[in-house]
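Asks: Next come a sequence and a model predicted from it.
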Amino acid sequence: MSFGLTATGFKRKMFEDSMKDVSEKLASSWGSFNTDEQGTNMQLLSAYTFETSSLWEALEALYNSMYPDTAFGMSLDNIVSYIGVIRIQATKTTTLAKLSGKNQIEIPFNSQVTAENVDTIFNLNNTVKLSNEACYDITLTIADNIPDNFTIFVNINNEVFNYVKQPAASLTTIVNNLVTLINASNQMIEASNVNDKLYIKTTDNDLLMEVYISQYISIDIVSNLGTFSAEDAGYITLAINALTNIQTPISGWISVINETSPNLGRNLETDEELRIRRRASVSLIGAGTVEAIRAKVANLPGVSSVVLIENATDQTVNLLPPHSFECLVAGGDDNEIALTIWQTKGAAIATYGNVTIEVPDSTGNLQTISFSRPVYLYIYVDITLVKDESKFPINGNDIIKNNVVAQISKFAVGETILYQSLFAAIYNVPGVTLATVLIGGNAIEVKPSLMLDANITMDKSQIQKTDISKITIL
């Protein structure tokens, strides 16, 4: 039998083959010798054969490292880099959170908070100042000793809301009158009476308020928004309203809470995932084709999904103009995506989408490129379990929720969410004997009234979004 490089590839000599060959060569030189397994001859022979067998294994690994289907680890990274593919690194889960406390305090960069049932710390990405001069919400205390006919006011973004204290007017009446005045304005703000305190918040996270007050009004609590990142990279789930534990004590910092869904991180791309993406990205060396555009955009940092739709006809089809294409991209940087599309698309082919970016061509002239960002379809799941309590883990419900979220997150833009795929995520937890699953999707972050035991078909422009707060176990 031939070993080493052969016409059919590399053939490794196994330990048994090496032992046989060396024994035969020794016998031809020495003649008959002691082959007792416990004897000195066989022990020396075994030690020698083990070393030569290790060399054969190393040669086989070296041979396999030259091919993407058999290489692994750094060798696989090196192979796929020849076509411009780079292993996707682990990213961190991030979330926007509301920080509340006394007026005019600063919460420094890297301040730490934690969430229940999440084994990692979240660090504040930037210093956040709590100030009436730029706040997300504010709680004001109205004094109960305002003289009759005295005018108090609240100035919000340079709009003044006055109230003249009427004789015998109660504190509740005063607060309610200010609430009515503020809510009648055209600003993106909302006021309410909370235990006879005036609570005001902005309804747009991108527009903070500037609030000033008159005599007989004081600032109780001020809130601002900050972004926290998980200390550990990888797929770490976080429920809405779960990030509540302050770990860095700062005088005047009262509370923290994440009121919106997080941006979930991802684990380091595995070898098998990288092989699959390499096979889908072999068109990276090309240009002007649907496959080349999809492959190059998909390989950009932060891009998690790409769907490309083209219209090669002379008529508009599903809003797509004639001889154009729409690239639906989840994740990644807008400018990098637009530049990649410009550098890859065919000449005189139009782009279409809900995002438009101007990018420079090789001569410095600006070219207009459009692509689309998918819209979220929020996925909710209800699970009814029958369990063997003696085998079911104490944290089994949390494990199931995380498994289901991970499974749903695998579906890309416009893909059908397969109902049956959720059962594997449930039944791989010990002690589950029976599971009933209902699933539903909604374009707004509200649980749909109708939950079904069926696939969810997403529109071409939709991508799933869920988290453990949307998974209910009964």
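Replies: Perfect, thanks for sending it. Residues are numbered from 1 along each chain as shown.
Asks: Residue 412 is in contact with residue 463, isn't it?
Replies: Yes - using C-beta atoms under 8 Å, residue 412 is in contact with residue 463, at 7.1 Å. In this view, the C-beta of every residue, glycine as well, is placed from N, C-alpha and C.
Asks: Can you work out which residues contact both of the two?
Replies: Contact criterion C-beta atoms under 8 Å, 6 or more residues apart in numbering; residues shared by residue 412 and residue 463: 305, 330.
Asks: out of those two, which sits in the busier spot?
Replies: Neighbour comparison, residue 412 and residue 463: the larger count goes to residue 463, with 24 against 17 (by other C-beta atoms under 10 Å).
Asks: wait, isn't residue 115 in contact with residue 242?
Replies: Yes - using C-beta under 8 Å, residue 115 is in contact with residue 242, at 4.1 Å.
Asks: higher neighbour count, these two?
Replies: Neighbour tally, residue 115 and residue 242, criterion other C-beta under 10 Å: the higher count belongs to residue 115, 25 against 20.
Asks: Next, the nearest residue to residue 278 once chain neighbours are set aside: secondary structure please.
Replies: Excluding the flanking residues, the one nearest residue 278 by C-beta to C-beta, 6 or more residues apart in numbering is residue 80, at 4.7 Å. Look at residue 80: counting by DSSP: H, G, I helix; E, B strand; the rest coil, its state is helix.
Asks: ok, residue 80 - how many residues close by?
Replies: 22.
Asks: Can you name the residues that contact it?
Replies: 68, 86-87, 274, 278.
Asks: quick one, domains of the protein?
Replies: According to automatic domain parsing, the chain comprises the domains 4-64, 94-257, 281-371, 377-473.
Asks: okay if I get these as a markdown table plus mean pLDDT and distance to residue 270?
Replies: Below are the domains of the chain laid out as a markdown table (pLDDT from 0 to 100; distance: least, C-beta to C-beta, whole Å):
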| stretch | mean pLDDT | distance to residue 270 |
| --- | --- | --- |
| domain 4-64 | 78 | 17 |
| domain 94-257 | 94 | 12 |
| domain 281-371 | 85 | 15 |
| domain 377-473 | 91 | 13 |
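Asks: And residue 237, how far from residue 118?
Replies: 8 Å (C-beta to C-beta, to the nearest Å).
Asks: Could you check which of these two is surrounded by more residues?
Replies: Shown here are residue 237 and residue 118; by other C-beta under 10 Å, residue 237 has more neighbours (23 against 19).
Asks: Need the overlap of contacts for residue 115 and residue 242.
Replies: Common contacts of residue 115 and residue 242, defined by C-beta under 8 Å, 6+ apart, comprise residue 258.
Asks: Going along the chain, name the strands of the stretch 301-450 of the chain.
Replies: Applying DSSP state E, counting those that start in this stretch to the stretch 301-450 of the chain gives strands spanning 303-311, 324-331, 350-352, 355-360, 366-371, 375-387, 416-417, 432-442.
Asks: Pick the most buried one from the ones you listed.
Replies: Greatest average neighbour count among those goes to strand 324-331 (a mean of 23), per mean count of other C-beta atoms under 10 Å.
Asks: now the angle between strand 366-371 and it, please.
Replies: 70 degrees (axes from the mean of the first three to the mean of the last three C-alpha atoms, to 10 degrees).
Asks: picking up where we left off before, mind putting the domains of the chain in CSV, distance to residue 75 included?
Replies: Listed next are the domains of the chain as CSV, based on distance: least, C-beta to C-beta, whole Å:
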stretch, distance to residue 75
domain 4-64, 8
domain 94-257, 23
domain 281-371, 18
domain 377-473, 26
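Asks: nearest to residue 266, of the ones you listed?
Replies: domain 94-257 (5.6 Å; C-beta to C-beta).
Asks: so where do the helices sit in the stretch 1-150 of the chain?
Replies: 15-30, 40-64, 73-80 (DSSP state H, counting those that start in this stretch).
Asks: Can you lay out the ones you listed as TSV showing distance to residue 262?
Replies: As requested, these are exported to TSV (distance: least, C-beta to C-beta, whole Å):
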stretch	distance to residue 262
helix 15-30	51
helix 40-64	40
helix 73-80	29
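Asks: out of these, deepest packed?
Replies: The most buried one of those (mean count of other C-beta under 10 Å) is helix 73-80, showing a mean of 16.
Asks: For stretch 394-411, buried residues please.
Replies: If you call a residue buried by 16 or more other C-beta atoms under 10 Å, then stretch 394-411 has these buried ones: 396-405, 407-409, 411.
Asks: which other residues reach that stretch?
Replies: By C-beta under 8 Å, 6+ apart, the list of residues contacting stretch 394-411 reads 117, 235, 237, 264, 379, 381, 383, 385, 387, 393, 417-418, 421-422, 424-426, 428-432, 458, 464, 466-468, 471, 473.
Asks: Reformat the strands of the stretch 301-450 of the chain as JSON lines; add distance to residue 149.
Replies: Formatted as JSON lines, the strands of the stretch 301-450 of the chain follow (distance: least, C-beta to C-beta, whole Å):
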{"stretch": "strand 303-311", "distance to residue 149": "62"}
{"stretch": "strand 324-331", "distance to residue 149": "60"}
{"stretch": "strand 350-352", "distance to residue 149": "63"}
{"stretch": "strand 355-360", "distance to residue 149": "56"}
{"stretch": "strand 366-371", "distance to residue 149": "60"}
{"stretch": "strand 375-387", "distance to residue 149": "52"}
{"stretch": "strand 416-417", "distance to residue 149": "63"}
{"stretch": "strand 432-442", "distance to residue 149": "52"}
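Asks: now for those strands, which one comes closest to residue 229?
Replies: strand 324-331 (16.1 Å).
Asks: Who are the packing partners of that closest one?
Replies: helix 290-298, strand 303-311, helix 334-344, strand 350-352, strand 366-371 (3 or more C-beta pairs under 8 Å, 6 or more residues apart in numbering; DSSP states H and E).
Asks: So which elements touch the first one?
Replies: Spelled out, it's helix 290-298. helix 271-280, strand 303-311, strand 324-331, helix 334-344.
Asks: Would you mind saying which of the ones you listed lies nearest residue 354?
Replies: strand 324-331 (9.1 Å).
Asks: And the closest one, how far out from the chain middle?
Replies: 19 Å (C-alpha atoms, centre = their mean, to the nearest Å).
Asks: Please work out which residues outside that strand touch it.
Replies: Contacts of strand 324-331 (C-beta under 8 Å, 6+ apart): 290, 293-294, 297, 302-311, 320, 337, 341, 345, 349-353, 370-374, 412-414, 460-461, 463.
Asks: State the distance from the spatially most central residue of the chain to residue 91.
Replies: In the chain, the residue lying closest to the centroid (C-alpha atoms, centre = their mean) is residue 264, at 2.7 Å. Distance of residue 264 to residue 91, given as C-beta to C-beta: 9 Å.
Asks: for residue 64, same thing?
Replies: For residue 64 relative to residue 91 (C-beta to C-beta), the value is 30 Å.
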